[in-house]
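[1] sequence and computational prediction follow.
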Amino acid sequence: MKLKKILAVFLALSMAAAPLTACSSAQSAGGSQAAGGASASNVNLNFYYPVSVGGPLTKIIDQLCADFNKEHPAIKVNPVYTGSYADTRTKVQTGLKSGTGPDVAIMFSTDLFSLLDLNAIVDIDTVAKNDRKEDTKKLIDDFYPGFLLNTQAKGKTWAVPFQRSTIVLYYNKDAFKEAGLNPDKGPSSWDEMMDYAKKLTKPGRAGIEIPSTDYAYWMLQTFTLQQNGKNLMNTDGDEVYFDSPEAVKGLTFWKSLADSGVMPKGTIQWATAPTDFTEGKTAMMYHTTGNLTNVKNKAKFDFGVSMLPKKDTFGSPTGGGNFYIFRDKPEANQQAAWEFVKWMTTPERIAQWSIDTGYVAPRKSAYETDVMKKYAKDFPYATVARDQLEYAAAELSTHENGKVTKAVEDNIQNALTGSKTVEQALGDAQTEAEGYLKPYRK
Amino acid sequence: MDRRTAKKKTVTAITAWALILPSFLFLCVFTLYPVFRTLVGSLFSENLTTGAQSIFVGLKNYAGLFQDGVFRQAFWNNLIVAAVTIPIDIALAAAMAVFANTAKHGKWVVRLAFFYPVILPMIAAANIWLFIYTPQYGLIGMLNDQWNLLGTPSTVLPAVIVMLIWKQAGYLMVFYLSGLQNIPAEVYEAARIDGAGPFCIFRRITWPLLKPITLFALIIALTDAYKIVDYLYLMTDGGPNNSSNMLLYYVYQTGFDFWDTGKASAITAVLVVLLLLVSAVSFFRQDKKIFYS
């Protein structure tokens, strides 16, 4: 009988663990809200932030928060590292339900409509009501318009850009020399990119890699935007244009890279593409500027960074994270959170953050700071992404963003792996997305 | 029955309940209550279209699942994974255990070699296999640089299955090892005197006496097959185009990527009921045929 008992207990425990593993981690964050500070004017803020690029970034954030607390004795910011962007969203979502969520958080710029549909965030004009109107306007106008696009809806600004990115082309200069190409500049047009990629391909090395997991929709956006700025959605986030002629043409070109043997067949992992590049297994790649510092540290060869090649125009969507301030907290907390956000996005701090990470500093004045000027002089590629901002557009962001993004993501993969034709795949994506968006059109 | 035996019986019953109370409390707080909440939640629509409100919709969430192609695919994928991994896992585990038990030299080394995939943290294991499957310069990529196993719909599921077996078999082996050591040596001795060969001994003695272990391993392997979420998160994101999506990962996507709590609860409920049913059937049906020492 003994054995049976032991087995039964073991079984009960393992069954108990089965359905829970997915949800249990979500509960852990939260922390103390107004944990009875020393004086009544003390405000405690919970600040959730993700880290999605390499490097000891939690240390930097902790240090920044400590500095802020020192300068603002009445406010205490409690930084909570919440994993990846997806984990952060999970934790914020759980927090919103239980009322123990953050006061301020960095989340994807594309989470905007979801947060609005849940009525979870406050707009900048509301939290800045004690500031002078001109000051707020001046502050907002200092951000690049390409980054502000994903913060605005219903005629208001709902978020403050912080760690933002665009897509750039990384290329291996040694490989360029070997193939007899000019190593000082990347390909400037689609045709040239195809031509270069053919020359660069050899056994053991692909000509180019364009990742097609995690952010395939982002890559598709580059191709449509390069056709006179055609984007995949409208600014109200209730219409998408996945089956537009531009999208079809873009995806057809993308697929032709694989069909002509200069790009690996099948889907290409977002996470491994930078390793492929630094290992010399691909001569060029499309990737986020957020990986610039990482590539710079790892590549043992000379590499270059250029704007994405154009079709009719240059173009790239933006990406990355913004500050959001939450509605379910007392007004004092919202005001304090606004102070914190303003402090974090001062030109010097945001310039330093850009240098530490590779993200694009979202404010124009950040590039006027001494620290940034010096860095750009030593490492000119730091400004490529900024120069591309002139042609930048909003990242795909709609109501039901998760479902809509997955619809197009799955179908891009269908087209690239040959399960469907390009037209069929994009048509299916459009039909599916229409279904999700219909309830939001009034 | 006199008074004293009755009293003794009550005391025994109370002691029994007191003994299981701690684990029962755990079960309530971390399993039964969440299961109950999930069942209730699955009857409500709570997603972005409803704002933060939850609206009672009855069984509509369940009806929606039948029309959801991704759910159907995740369901099938999960079934395939379970059907393929479980028998192979069990056969491998039993074989490894017998081998590790009878090895003449270096028993310890053999056991460690079989068991080490289990010790590895999941993230490390997933990354090792991610590297093995990496096209061009990964281990498999070295064989043929056109192979992109995780990036091709037809090969992604087999690739994941191979990794799961590698990770799981050593774990189940440990149970078989302990089972083998519980089989008394006299039985074998008697068999050998009767002139039974090694194959006959395994078929007639070892395997039947290991039955409780096999049942246990079966249920463990089954629940594990439906618990897969971390590997998918790290290696494939369920792709390409849901070719490697499975139920629990789809619960995660629905709940947290799509903010659709109602539907996620419905999928969870399906998963829970399914697992309970299968475990109950195999437990109660097999239980009668099994000899517990």
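    Ah, there it is.
[2] now the strands: where do they sit in chain B?
    Counting by DSSP state E, chain B has these strands, from start to end: B:44-45, B:55-56.
[3] closest to B:Leu274 out of those strands?
    For these, the distance to B:Leu274 is smallest for strand B:44-45, at 21.3 Å, taking CB to CB. C-beta here means a position set from N, CA and C on the backbone, and glycine is covered the same way.
[4] was I right about A:Asn414 contacting B:Asn241?
    Yes. Counting by CB atoms under 8 Å, A:Asn414 touches B:Asn241, with 4.9 Å between them.
[5] how about the residues of the stretch 101-250 of chain A by chain B?
    By CB under 8 Å from any CB of the partner chain, the part of the stretch 101-250 of chain A that sits against chain B consists of A:114, A:117-120, A:203-204, A:206, A:212-214.
[6] hmm, which two among these are most spread apart?
    A:Asn119 and A:Pro203 (56.5 Å).
[7] higher neighbour count, those two?
    A:Asn119 (12 against 6; other CB atoms under 10 Å in any protein chain shown).
[8] surely that one is in a helix?
    No. Using DSSP: H, G, I helix; E, B strand; the rest coil, the assignment for A:Asn119 is coil, not a helix.
[9] grab the nearest non-local neighbour of it.
    Taking CB to CB, 6 or more residues apart in numbering or on different chains as the measure, A:Asn119 lies nearest to B:Gly51, with 6.1 Å between them; neighbours along the chain are not counted.
[10] and the closest residue to A:Glu71 other than its chain neighbours, what element?
    If the residues on either side of it in the chain are set aside, A:Glu71 comes closest to A:Trp343, at 7.6 Å by CB to CB, 6+ apart. Following DSSP states H and E, the helix or strand that holds A:Trp343 is helix A:331-344.
[11] helices or strands up against the helix or strand that that helix is followed by?
    Beyond helix A:331-344 on the C-terminal side, the first helix or strand identified by DSSP H and E is helix A:347-357. The helices and strands touching helix A:347-357, judged by 3 or more CB pairs under 8 Å, 6 or more residues apart in numbering or on different chains; DSSP states H and E, are helix A:57-71, strand A:160-172, helix A:370-378.
[12] adding mean neighbour count and mean pLDDT, write those out as CSV.
    Compiled in CSV, these are given as follows (neighbours: other CB atoms under 10 Å in any protein chain shown; pLDDT from 0 to 100):
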stretch, mean neighbour count, mean pLDDT
helix A:57-71, 14, 92
strand A:160-172, 26, 94
helix A:370-378, 13, 91
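[13] mind listing what A:Gly146 touches?
    Contact partners of A:Gly146, counting by CB atoms under 8 Å, 6 or more residues apart in numbering or on different chains, are A:166, A:318, A:389-390, A:392-394.
[14] swap the cut-off to 6 Å and go again
    For A:Gly146, the set of contacting residues under the criterion of CB atoms under 6 Å, 6 or more residues apart in numbering or on different chains consists of A:318, A:389, A:392.
[15] just A:Leu200 next, same as before
    The contact partners of A:Leu200, by CB under 6 Å, 6+ apart, come to A:175, A:179, A:207, A:283.
[16] just give me the residue closest to the centre of chain B.
    The C-alpha lying nearest the average C-alpha coordinate of chain B belongs to B:Asp224 (CA atoms, centre = their mean; 1.8 Å).
[17] give me the nearest residue to that one, chain neighbours excluded.
    In space, not counting the residues next to it along the chain, B:Asp224 is nearest to B:Gln168; the distance is 6.3 Å by CB to CB, 6+ apart.
[18] same deal with B:Leu180?
    The nearest residue in space to B:Leu180 (CB to CB, 6+ apart) is B:Asn101, at 4.9 Å.
[19] around chain A, pick out the residues from the stretch 101-250 of chain B.
    By the criterion of CB under 6 Å from any CB of the partner chain, the positions of the stretch 101-250 of chain B lying close to chain A are B:134-137, B:148, B:151-153, B:216, B:219-220, B:223, B:227, B:229, B:237, B:239-241, B:248.
[20] return the subset of these lying in helices.
    Where these overlap with helices, as defined by DSSP state H, the overlap consists of B:153, B:216, B:219-220, B:223, B:248.
[21] now the nearest residue to B:Ala125 once chain neighbours are set aside: how far from A:Val384?
    Of all residues not flanking B:Ala125 in the chain, B:Lys167 sits nearest, at 5.7 Å (CB to CB, 6+ apart). For B:Lys167, the distance to A:Val384 equals 43 Å [CB to CB, to the nearest Å].
[22] which residues of chain B score low on pLDDT?
    Along chain B, the model assigns pLDDT under 70 to residues B:1, B:52, B:286-293.
[23] in it, where's the longest helix?
    helix B:69-102.
[24] what's the neighbour count on the closest residue to chain B within chain A?
    Of all residues in chain A, A:Gly266 sits closest to chain B, at 3.2 Å by CB to the nearest CB. Applying the criterion other CB under 10 Å, we find 24 residues in the vicinity of A:Gly266.
[25] kindly reformat the residues of the stretch 101-250 of chain A next to chain B as JSON lines containing pLDDT.
    As requested, these are arranged in JSON lines below (pLDDT from 0 to 100):
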{"residue": "A:Ser114", "pLDDT": "91"}
{"residue": "A:Asp117", "pLDDT": "91"}
{"residue": "A:Leu118", "pLDDT": "89"}
{"residue": "A:Asn119", "pLDDT": "90"}
{"residue": "A:Ala120", "pLDDT": "93"}
{"residue": "A:Pro203", "pLDDT": "87"}
{"residue": "A:Gly204", "pLDDT": "84"}
{"residue": "A:Ala206", "pLDDT": "93"}
{"residue": "A:Ser212", "pLDDT": "92"}
{"residue": "A:Thr213", "pLDDT": "86"}
{"residue": "A:Asp214", "pLDDT": "85"}
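[26] filter the residues you listed down to the buried ones.
    Of all these considered here, the ones buried according to neighbour count by 16 or more other CB atoms under 10 Å in any protein chain shown are A:114, A:117-118, A:120, A:206, A:212-214.
[27] picking up where we left off before, what would the helices and strands packed on helix A:347-357 look like in CSV with distance to B:Phe175?
    Conversion of these to CSV gives the following (distance: least, CB to CB, whole Å):
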stretch, distance to B:Phe175
helix A:57-71, 40
strand A:160-172, 48
helix A:370-378, 58
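[28] so for A:Asn42, which of those sits nearest?
    Between A:Asn42 and these, the shortest gap by CB to CB is with helix A:57-71, which sits at 10.9 Å.
[29] any idea of the angle the next helix-or-strand element following the closest one forms with helix A:57-71?
    Counting by DSSP H and E, the element after helix A:57-71 in chain order, helix or strand, is strand A:75-81. Using axes from the mean of the first three to the mean of the last three CA atoms, to 10 degrees, one finds that strand A:75-81 and helix A:57-71 are set 170 degrees apart in direction.
[30] what residues does A:Asp428 make contact with?
    Residues touching A:Asp428, when contacts are defined by CB under 6 Å, 6+ apart, comprise A:Asn411.
[31] equivalent analysis for A:Tyr171, please.
    Under the criterion of CB under 6 Å, 6+ apart, the contact partners of A:Tyr171 comprise A:186, A:284, A:304.
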